[in-house]
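Enquirer: My questions concern the predicted model and sequence given below.
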Amino acid sequence: QVQLVESGGGLVQPGGSLRLSCAASGFTLDYSAIGWFRQAPGKERKGVSCISSSSGGITYDVDSVKGRFTISRDNAENTVYLQMNSLQPEDTGVYYCAARYDGECQTLVAGFIDSWGKGTLVTVSS
């Protein structure tokens with residue numbers, strides 16, 4: 001059974017950091033593109049960051065998180081991480097992990113998703 005499980009969300013003050021984890025089971029992350037999407041309260045879900053399959057070696061970040069968020073993978077742990085630094089209130093939302101089995105961030109960011117996690121809530125507030 002394919003499953004993506006997010007963890008690491010929580011409440012953090014502006015300027016703080018969090019690291020989100022996306023643990024996969026039922027398939028190998030190595031060949032998939034994995035992305036993080038954010039859904040702010042009352043808004044639609046949008047892509048934040050993506051890492052392509054290991055053979056592609058490509059990462060993608062939306063402009064609003066460039067220089068602050070870093071996506072990485074640990075194939076041995078079958079887990080993808082999102083390190084979030086310098087968090088701001090506008091980063092608040094539910095963060096979802098998503099997989100695209102063709103390994104391409106281009107298709108994942110366009111919304112072609114094969115598997116979704118259930119999300120983890122990040123709240124940035126003083």
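Expert: Received, thanks. Residues are numbered from 1 along each chain as shown.

Enquirer: going forward, measure contacts and count neighbours with C-alpha atoms only.
Expert: OK.

Enquirer: packing partners for the worst-scoring helix or strand of the chain on mean pLDDT?
Expert: Least confident element among the helices and strands of the chain, by mean pLDDT, DSSP states H and E: strand 59-61 (a mean of 85). If you count contacts as 3 or more Cα pairs under 8 Å, 6 or more residues apart in numbering; DSSP states H and E, strand 59-61 packs onto strand 45-51.

Enquirer: With just CA atoms, put the strand it packs on into PDB.
Expert: Presented in PDB, the C-alpha positions along strand 45-51 are these (Å, rounded to 0.1, in the frame of the first residue of the first chain):
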ATOM      1  CA  ARG A  45      -3.200  24.400  -2.300                       C
ATOM      2  CA  LYS A  46      -0.100  25.600  -4.000                       C
ATOM      3  CA  GLY A  47       3.300  24.000  -4.700                       C
ATOM      4  CA  VAL A  48       6.200  25.200  -2.600                       C
ATOM      5  CA  SER A  49       9.200  23.000  -3.400                       C
ATOM      6  CA  CYS A  50      10.000  19.900  -5.300                       C
ATOM      7  CA  ILE A  51      12.900  17.500  -5.800                       C
END
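
Enquirer: which secondary structure elements does that strand contact?
Expert: Right, strand 45-51 is packed against strand 33-39, strand 59-61, strand 69-74, helix 105-109 by 3+ Cα pairs under 8 Å, 6+ apart.

Enquirer: Return the set of buried residues in the last one.
Expert: If you call a residue buried by 16 or more other Cα atoms under 10 Å, then helix 105-109 has these buried ones: Cys105, Leu108, Val109.

Enquirer: How far off centre is it?
Expert: 13 Å (Cα atoms, centre = their mean, to the nearest Å).
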